[in-house]
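In: Build me a structure from this.
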Amino acid sequence: MQPAAMKNANNFIVFRRLAALQHHSTVGTPTFLFKLRRHDEMNFDFRVSNFSTIALEANPSEELQEEHFNPLYFSGINGHGKILCKEKELDGVAAEMLDFLNQRSIKFDSRMYSQLLQECRDMKSLAMGRKVHAHMIKNEVKPESYVGNRLLDMYFKCGSVVDARKVFEKMQARDVVAWTTMIAGYFRCASVEFARQIFDEMPQRDVVSWNAMISGYAHHGQGREVLQLFRQMQRMGFKPDLYTFTSVLMGCAVLANHLQGNQVHGIIIRLGAEFSVSVANSLIDMYAKCWSVEDARQVFDKMPVQDVFSWTIMIAGYVKCGDIENARILFYKMPEEYEVAWNAMIAGYSQHGQNEDAVELFREMYQEGLKLDSFTYASVLSACANLADLEHGKQIHAYIIRTELEPKVSVENALVSLYAKCGKIDNAHIIFDKMSERDVVSWNAIVTGYVNQGSLEDARQLFDKMPERNSLSWTSMIAGYAHYGHGELASKLFCQMRLGDIKPDHFTFAGILSACASLAALEHGKQVHAQLIQIGFESSVSAANSLVTMYARCGVIEDACQVFDNMPELDLISWNAMIAGFAQHGHGKEALTLFEQMVWTGLKPDRITFLSVLSACSHSGFVDEGRNYFDSMSRVHCISPGADHYARMIDLLGRSGYLDEAENLINNMPFEPDVGVWEALLGACRIHGNIKLGIRAAECLLNLEPQHDATYVLLSNMFATAGRWNDAAKVRKAMKDKGIKKEPGCSWIQVKSRVHVFLAEDASHPQALEIYATLDRLYAQMKKEGYVPDTDFVLHDVDDEQKEHVLSNHSEKLAIAFGLMSTPPTTTIRIIKNLRVCGDCHTAIKFISKIVEREIVVRDANRFHHFKDGLCSCGDYW
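Out: The predicted structure follows:
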């Protein structure tokens, strides 16, 4: 039935019911006021008496069409209002609608304002909310009770704490809801202290206000405050409800406090709340985060009804505790296919290295027709990145482009990581540049991508542009500098980080300790160790592993042992680091003993372990032991030796004089020998003067790497040692003709946090005259003690006097002389050399250690030498 106003069709236009208007059951016949604007800006007012038709009163002489109007819809259902927008922004609609009402002095009741404020809150339109508030003030509507609380809620959820506070202070009658709204609002805006202040000032509290405070603390990770407030609530006679328990259990989970969680569980049972699904889910989550997955499973199994969250939380709990197998079993027992549980399982596979399973489960999820969301995409793309599976990653990327209008930041971050880890940094950067929104994860992904491919300058430029950095941002750059040999830059960046507000984590410490190890910066390493203890990371396995490596590579194997012995937990990296430390210092017996202890504990060695074991055998001349361990790799431990293992074995056999056996081992390798294998054989041929085999090794090396300078140097030195000066000269001439430059030998020493670098016959140091004077005095004393320069190590065809002069000015001797001048008596001198120490220097340093009564530690390209009282730790075998 049409309204009476529809008598003349020429005077009215009828609009059918609009989809945006929903008919609600009402009492009586409501009247709805509308306003429409025509394309020529002419306004029309009308009333609606039902939802079936809308009548518009217009100029009788005009014939109007629906498309001529830009409608501003406003409906009032028994006093409740709702703003519906079309073709204009919400704020504009509100402004025009309120102006319209103001012009006609139309007033709302409190319920209408309440509904309008709710719309403002839901749309997060602060400007609109302020206009509604202004309309309230104009019409002398006081913000009391229900509408006042809605006003507070609107301002907080629109992010205006100041406006909310002003409203609250002007409220004459504040009920408990108003106080509670303020508490919840402050927590939402991360103003925890103000929330507590409001709570403490409350004249009267109820369970809801206690819950608001406890929940706020829980969501802000303040577990101790949660438990304190929960105890206080009970002492004051308030009975906790289901919401209280879920918040308190969240606090226990934050603290990973199993004991407190158990006690709360007991209270829940006593009050009969254990069968609540929400409480049971919180218990499962709490126990899982306390690493007690068995207790979580007991709660899960006792639930009379399990919802989607129950299954998902339980599966995620197994994943967190690393029990992927039980997570898988439970996953396939689910009564329904819950997408969120599929996502948890895919993420679990990806996080625990089962990336193939993650990709396969994603394929099943797609084939089942389940809904794929940003969590699904982010997890499976992470798995593809871990596998360096660019092909599958690109297919998923294409699917996202086809189906997603605008991927979420998490998905775009995963795509950046995928392309970066697959070596397609340009593609990663294109995605990064096109992102409409970037977070710190986005920046970290692209910076880490450049770091991993060695483009440190590009990485640093991006790092410097980051609007926000977290510990991972700093750690990526520090670790990158350390890994690529820029220890000083890593140290500077770490110091810069410590001056800011970012607290380093154990991965950051691992990175800077690696830098200290590469520089042999012992004093700096000790300072970092002290900071690590101060911050509370001394029990971190990764940080402790880095400490072991740092002390070992800085020449203090005793301190490395102490750190290792005090570690509460050892992983494979811990054992490998200590075995490698012993190997570097020539402590072969200790290295092999430690290896046997590791195997006895049931830990399975990996290929890195055997590299260190074979190095230990090589540096100590343990030929039989080396043969046995090399054979046991495949026979006992099911590890196929790689080219690097063969190189270690060739080095062991060659140094010990078993050149024929070394050559046979090469000939029987299951794959083609690489540069490291032939270089080990050539080095052994130089030591033992086997020129024929050495030439063969050199030819094979030059076929693999024609520009490899070490090949020419070793071959030239081998000819020079044999007195074949013409052949040595031909090799040097070939190097010159091909533009190949020999890496110059250099040594360095750190004194008072400054690194001093020396080349052979270096006169560039500011104290050069004093250094050479110190060396002259040492040489005079050494010769009195019986030192005779070994001119065989001068690989040039010059007279003996010139050879002796060349020997006296080797870089390690200059560094030692400077160290003796610059450090207190009895201080250990620590030198690093980039090449293998020569035989004459080795002999000379033994004499110097005896004369000056100091320990001198030299780290050369192969190992450590500890000189003391005229002896060396290597036993003259190196």
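
In: Next up, phi/psi of Gly786, please.
Out: Note on Gly786: its backbone torsions stand at phi 110, psi 10 [degrees, to the nearest 10].

In: Quick one: mean pLDDT over stretch 458-468.
Out: Averaging pLDDT along stretch 458-468 gives 95.

In: outside of it, which residues touch it?
Out: Contacts with stretch 458-468, where a contact means C-beta atoms under 8 Å, 6 or more residues apart in numbering, come from 440, 443, 446-448, 450-451, 469, 473, 476-477, 480. Using the backbone N, CA and C atoms, a C-beta is placed for each residue, glycine as well.

In: Try it again at 6 Å.
Out: For stretch 458-468, contacts defined as C-beta atoms under 6 Å, 6 or more residues apart in numbering pick out 440, 443, 446-447, 450-451, 477.

In: Can you point out the helix or strand that includes the residue nearest to Glu404 when sequence neighbours are not counted?
Out: In space, and not counting its chain neighbours, Glu404 is closest to Val411: 7.5 Å by C-beta to C-beta, 6 or more residues apart in numbering. Assigned by DSSP states H and E, Val411 belongs to helix 409-421.

In: That helix - contacts with which helices or strands?
Out: Helices and strands touching helix 409-421, by 3 or more C-beta pairs under 6 Å, 6 or more residues apart in numbering; DSSP states H and E, are helix 374-387, helix 425-434, helix 440-452.

In: Put the alpha carbons of the first one into PDB.
Out: These are the backbone C-alpha positions of helix 374-387, laid out as PDB (Å, rounded to 0.1, in the frame of the first residue of the first chain):
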ATOM      1  CA  SER A 374      47.500 -13.800   4.600                       C
ATOM      2  CA  PHE A 375      48.700 -16.200   7.400                       C
ATOM      3  CA  THR A 376      48.600 -19.100   4.900                       C
ATOM      4  CA  TYR A 377      50.500 -17.200   2.200                       C
ATOM      5  CA  ALA A 378      53.100 -15.800   4.700                       C
ATOM      6  CA  SER A 379      53.900 -19.300   6.100                       C
ATOM      7  CA  VAL A 380      54.100 -21.200   2.800                       C
ATOM      8  CA  LEU A 381      56.200 -18.400   1.200                       C
ATOM      9  CA  SER A 382      58.500 -18.600   4.200                       C
ATOM     10  CA  ALA A 383      58.900 -22.300   3.600                       C
ATOM     11  CA  CYS A 384      59.700 -21.700  -0.100                       C
ATOM     12  CA  ALA A 385      62.300 -19.100   0.900                       C
ATOM     13  CA  ASN A 386      63.900 -21.600   3.400                       C
ATOM     14  CA  LEU A 387      64.100 -24.100   0.600                       C
END
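
In: Pass me the low-pLDDT residue ranges in the chain, would you?
Out: Counting by pLDDT under 70, the chain contains low-confidence residues at 1-110, 143-145, 405, 791-807.

In: just to revisit the earlier point, will you turn the helices and strands packed on helix 409-421 into JSON lines that also has mean neighbour count and distance to Val308?
Out: Below are the helices and strands packed on helix 409-421 laid out as JSON lines (neighbours: other C-beta atoms under 10 Å; distance: least, C-beta to C-beta, whole Å):
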{"stretch": "helix 374-387", "mean neighbour count": "24", "distance to Val308": "14"}
{"stretch": "helix 425-434", "mean neighbour count": "16", "distance to Val308": "33"}
{"stretch": "helix 440-452", "mean neighbour count": "23", "distance to Val308": "27"}
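
In: Reformat the ones you listed as TSV; add distance to Pro670.
Out: TSV is the format used below for the helices and strands packed on helix 409-421 (distance: least, C-beta to C-beta, whole Å):
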stretch	distance to Pro670
helix 374-387	26
helix 425-434	35
helix 440-452	30
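
In: Tell me which of those sits nearest to Leu229.
Out: Relative to Leu229, the nearest member of the helices and strands packed on helix 409-421 by C-beta to C-beta is helix 440-452, separated by 31.9 Å.

In: tell me which element Ile831 is part of?
Out: Going by DSSP H and E, Ile831 is part of strand 829-833.
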